[in-house]
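Asks: quick one, structure for this:
(chains A and B)
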There are 2 protein chains.
Amino acid sequence: MKVYPVIMAGGSGTRFWPLSRRSRPKQFLDLAGEGPLLRATVKRLPPLAAPADTYVVCGPAHARAARAMLRELPAANFIVEPCARNTAPCVGLAALHVAARDRKGVMLMLPADHHIGRPEAFRAALAQAAALAAKGHIATIGIRPHAPETGYGYLKVGAKLPKGKGAHRVERFVEKPDVITAARYLADGHYLWNSGIFAFRADVILDEIRRAMPVLGEQLGAIQRALGTPAYQRTLKRVFPDCPSISIDYGVMEKSQQIVVVPADFGWSDVGSFAALPEVRPTDHVGNVAEGEALVIDGQNNVVLAAGGRPVAVIGLEGVVVVDAGDAILVCRKDRAQDVRKAVDELARRGRDEVL
Amino acid sequence: MKVYPVIMAGGSGTRFWPLSRRSRPKQFLDLAGEGPLLRATVKRLPPLAAPADTYVVCGPAHARAARAMLRELPAANFIVEPCARNTAPCVGLAALHVAARDRKGVMLMLPADHHIGRPEAFRAALAQAAALAAKGHIATIGIRPHAPETGYGYLKVGAKLPKGKGAHRVERFVEKPDVITAARYLADGHYLWNSGIFAFRADVILDEIRRAMPVLGEQLGAIQRALGTPAYQRTLKRVFPDCPSISIDYGVMEKSQQIVVVPADFGWSDVGSFAALPEVRPTDHVGNVAEGEALVIDGQNNVVLAAGGRPVAVIGLEGVVVVDAGDAILVCRKDRAQDVRKAVDELARRGRDEVL
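Replies: The predicted model follows:
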């Protein structure tokens, strides 16, 4: 079975400032030490999928950098969104491209900025999801939780799928919980982390979008009619910005009764903030992640990234993130790593665009 | 009465790394926001003393910088030690220079790296000490303590001096105490902080040195005989490195029964480490010292010096020192600011001399 991975690389977060910038968002950073996350995402797909069948969706500001990073992909496989409209329009647009080539082609929707510790197990889970997708299911990958994480959405697992090799129906999608609820989910055993990874046939997801989001369905129809004609770019630029900015989870998945889940465990991390780096990077014997000329003295469980070519000495501290990006410096309590955006907001307010 | 301030600028500490360097020790830094400490020390002396009567003792590596910073002082008033030998030889050498000009001249020995909040009160205390010195006393300034400081030496106050205007005999000098002892000293009321500021006549201190440190006395004698002759530099370079490296406190003061103290309170700080900056710098309403493009978000009682021309964002932290010196960065818990030397030691071990 042929599969068409579609890597969603349109993100533009601020949680990795000052390493990330508007011009170089998270998926372009080498956060896990195995090259830029986007490139690592593409490279871990074979032999499950070939580069010729792999698509990347990104914004116009990053298309050139993405192409330069992924020369093994055909130029036509870079799908450039005129503007960011969350994942539902992204999925729909990608489905049009895949469907034009293979109407029942199985798409694997993959975030560009995750880390996978065990790629072989990852490909096995994707293959299983793809097999379910080929039969018409919408399949997602659910990660077996090992901690009461509040940073992830959850899936509640329903009935076992006949001949599903461990796959289940999804009973419901659950928003990011508070820590008490997360602990309950963990103890319950019927909840999985929502990885944001999906498999479905192009025709199936387009049908689902038309049913659950009829306006988007019509907008995609207009783009589809222009696809492969000289009017494509013009039509895309006219129609796409008007598409609703809604996630595929919210817009389609949570409303569908057709979703199945493949439970898996392949060392997944969404690398949500600097605080997550110890999950994906080597640590010293007291839990410090240190990169570059980092000197951690009498300290533990710190993340110190000396990416500016200068020595960074950290003394007597625990659970602190220190990042020197060369032209800007961040020092942040690890459990406040989500609040890096506050610094970005303040710098934006001051008009310091050159460091944003 | 004419007084001869002698500013001891030979220090070479590491507690202000990465702002301080071997080539730019603490006394050359603008730590209190009123110019380099050495320059501020000279500038606060008039009208008590004239620049023409003010001496600076420093090492050969810093003589050029000191002269450039203090153009109002005669070139002959810079006394260059061939090498650092602690304060006893420094005091002795300076006394030779002053005595050659004015045998009974009253010297005011002043550290180059302290901060004085109330210069007028400071000059008044110095004038009182100088008056006592003119009568043959060795006078020191004792600071009334307002906290159980463990970073300072203490003086125990003895009998009141007749007609001493509040001056007392010093009963004894006390080494830096532990916090329990320091609290006892504070409660006791008879203990003062040893400011390291002394007043004495040149002839008196040379006599005291000869009595308490006969070897140093002879060495100074050899230098004295060469003073004002072409042999001076040669003799100094030959004799001075052999002088005992001992502080004037330990070598002379603690052994003398002649010491008197002027209790005073003039906003004194020895600016002992980055943790002391809130004593000498403006703080915001939650106790942060911020310099340059420092963004302190949800944090208090931090010292953030963005001296590298880059933004430094500090999020969710309390009691932390963050210093960007441009080519090196320090992040340190404030109560560990004494341990900055550990980073310096480690960088020295790695041979990173260009940032030391």
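
Asks: tell me which stretches of the stretch 51-200 of chain A form helices.
Replies: With DSSP state H, counting those that start in this stretch, the ranges of helices along the stretch 51-200 of chain A come out as A:63-69, A:87-101, A:119-134, A:179-188.

Asks: closest to chain B out of those helices?
Replies: helix A:179-188 (18.0 Å; Cβ to the nearest Cβ). Bear in mind the C-beta positions are built from the backbone N, C-alpha and C, glycine included.

Asks: pull the CA atoms of the closest one into CSV?
Replies: What follows is helix A:179-188, C-alpha atoms only, in CSV (Å, rounded to 0.1, in the frame of the first residue of the first chain):
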residue,chain,number,x,y,z
VAL,A,179,-3.6,18.1,36.8
ILE,A,180,-6.3,16.3,39.0
THR,A,181,-8.2,15.2,35.9
ALA,A,182,-5.0,14.2,34.2
ALA,A,183,-4.1,12.0,37.2
ARG,A,184,-7.5,10.4,37.0
TYR,A,185,-7.1,9.8,33.2
LEU,A,186,-3.7,8.2,33.9
ALA,A,187,-5.1,5.9,36.6
ASP,A,188,-8.2,5.1,34.6
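
Asks: check contacts around the residue nearest to residue A:165 when sequence neighbours are not counted.
Replies: Distance criterion Cβ to Cβ, 6 or more residues apart in numbering or on different chains; nearest residue to residue A:165, sequence neighbours excluded, is residue A:128 at 6.1 Å. When contacts are counted by Cβ atoms under 8 Å, 6 or more residues apart in numbering or on different chains, residue A:128 touches A:139, A:165-167, A:262.

Asks: same deal with residue A:312?
Replies: A:292-295, A:304, A:306, A:322, A:324, B:328-331.

Asks: name the residue of the stretch 151-300 of chain A that lies nearest to chain B.
Replies: Of all residues in the stretch 151-300 of chain A, residue A:297 sits closest to chain B, at 4.9 Å by Cβ to the nearest Cβ.

Asks: give me the number of residues near that residue?
Replies: The number of residues packed near residue A:297 is 17, by other Cβ atoms under 10 Å in any protein chain shown.

Asks: which strand residues bridge it?
Replies: residue A:315 (DSSP bridges).

Asks: so which residues on the stretch 251-356 of chain A come close to chain B?
Replies: When proximity is defined by Cβ under 8 Å from any Cβ of the partner chain, the stretch 251-356 of chain A lies next to chain B at A:293, A:295, A:297-298, A:306, A:308, A:310-317, A:320, A:322, A:324, A:327-333, A:335-336, A:339-340, A:342-343, A:346-347, A:352, A:355.

Asks: contacting residues around the most centrally placed residue in chain A?
Replies: Ranked by distance to the mean C-alpha position of chain A (Cα atoms, centre = their mean), the top residue is residue A:111 at 2.6 Å. Contacts for residue A:111 (Cβ under 8 Å, 6+ apart) come out as A:7-8, A:11, A:41, A:196-197, A:270.

Asks: care to break chain A down by domain?
Replies: Using automatic domain parsing, the domain parsing of chain A gives A:3-269, A:274-355.

Asks: so how far is the host helix or strand of residue A:305 from its chain's centroid?
Replies: For residue A:305, the host element (DSSP states H and E) is strand A:303-306. Per Cα atoms, centre = their mean, to the nearest Å, the displacement of strand A:303-306 from the mean C-alpha position of its chain is 23 Å.

Asks: correct me, but residue A:18 touches residue A:327?
Replies: Yes - the pair residue A:18 and residue A:327 qualifies as a contact (Cβ atoms under 8 Å) at a distance of 7.4 Å.

Asks: more neighbours, the two?
Replies: Using other Cβ under 10 Å, the more surrounded residue of residue A:18 and residue A:327 is residue A:18, with 27 against 14.

Asks: that older thread, would you turn the helices of the stretch 51-200 of chain A into CSV with mean pLDDT?
Replies: Formatted as CSV, the helices of the stretch 51-200 of chain A follow (pLDDT from 0 to 100):
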stretch, mean pLDDT
helix A:63-69, 96
helix A:87-101, 97
helix A:119-134, 98
helix A:179-188, 96
